[in-house]
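Student: Based on what follows, work out the 3D shape:
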Amino acid sequence: MRNVKLTMPELALIAGTRAALGAGVALLLADRLSSEQRKAAGTALAVVGAITTVPLLLEVLASRE
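Tutor: Reported below is the predicted structural model:
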């Protein structure tokens with residue numbers, strides 16, 4: 001098993017990006033908003049969540065022991 005040391009701010013960023021991605025996917029699947037609103041908000045959150053995950057993933061992989 002590999003150990004990865006993360007600071008609390010790094011962990012919070014990772015959790016935040018996962019939450020944004022999850023919220024975006026949930027909005028895309030929800031029926032409470034109009035179709036246009038749901039697609040716009042869901043797509044924006046999903047894209048932001050996915051894009052911000054890449055640099056964090058690279059940082060975590062670089063800090064492995």
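
Student: how about the longest helix along the chain: buried residues?
Tutor: Determined from DSSP state H, the single longest helix within the chain is helix 35-62. Of the residues in helix 35-62, those with enough neighbours to count as buried (16 or more other Cβ atoms under 10 Å) are 38, 41-42, 45-46, 48-49, 52-53, 56. (Each C-beta comes from the backbone N, C-alpha and C, glycine too.)

Student: Give me the distance between that helix and the centre of its chain.
Tutor: 5 Å (Cα atoms, centre = their mean, to the nearest Å).

Student: Now do that helix: which elements does it pack against?
Tutor: Identification of packing neighbours for helix 35-62 by 3 or more Cβ pairs under 8 Å, 6 or more residues apart in numbering; DSSP states H and E yields helix 8-29.

Student: Make TSV out of the buried residues of helix 35-62 and add pLDDT.
Tutor: Below are the buried residues of helix 35-62 laid out as TSV (pLDDT from 0 to 100):
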residue	pLDDT
38	79
41	81
42	80
45	80
46	81
48	83
49	79
52	81
53	82
56	80
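
Student: Tell me the one among those nearest to residue 15.
Tutor: residue 56 (10.2 Å; Cβ to Cβ).

Student: Spatially nearest residue to that closest one, not counting backbone neighbours?
Tutor: Excluding the flanking residues, the one nearest residue 56 by Cβ to Cβ, 6 or more residues apart in numbering is residue 14, at 5.4 Å.

Student: pretty sure the one you found contacts residue 59?
Tutor: No. Residue 14 is not in contact with residue 59 according to Cβ atoms under 8 Å; the separation is 9.3 Å.

Student: ok, now how distant is residue 56 from residue 12?
Tutor: 11 Å (Cβ to Cβ, to the nearest Å).

Student: next one: residue 50
Tutor: 18 Å.

Student: contact partners of stretch 56-65?
Tutor: 2-6, 10, 13-14, 17 (Cβ atoms under 8 Å, 6 or more residues apart in numbering).

Student: No more questions from me, cheers.
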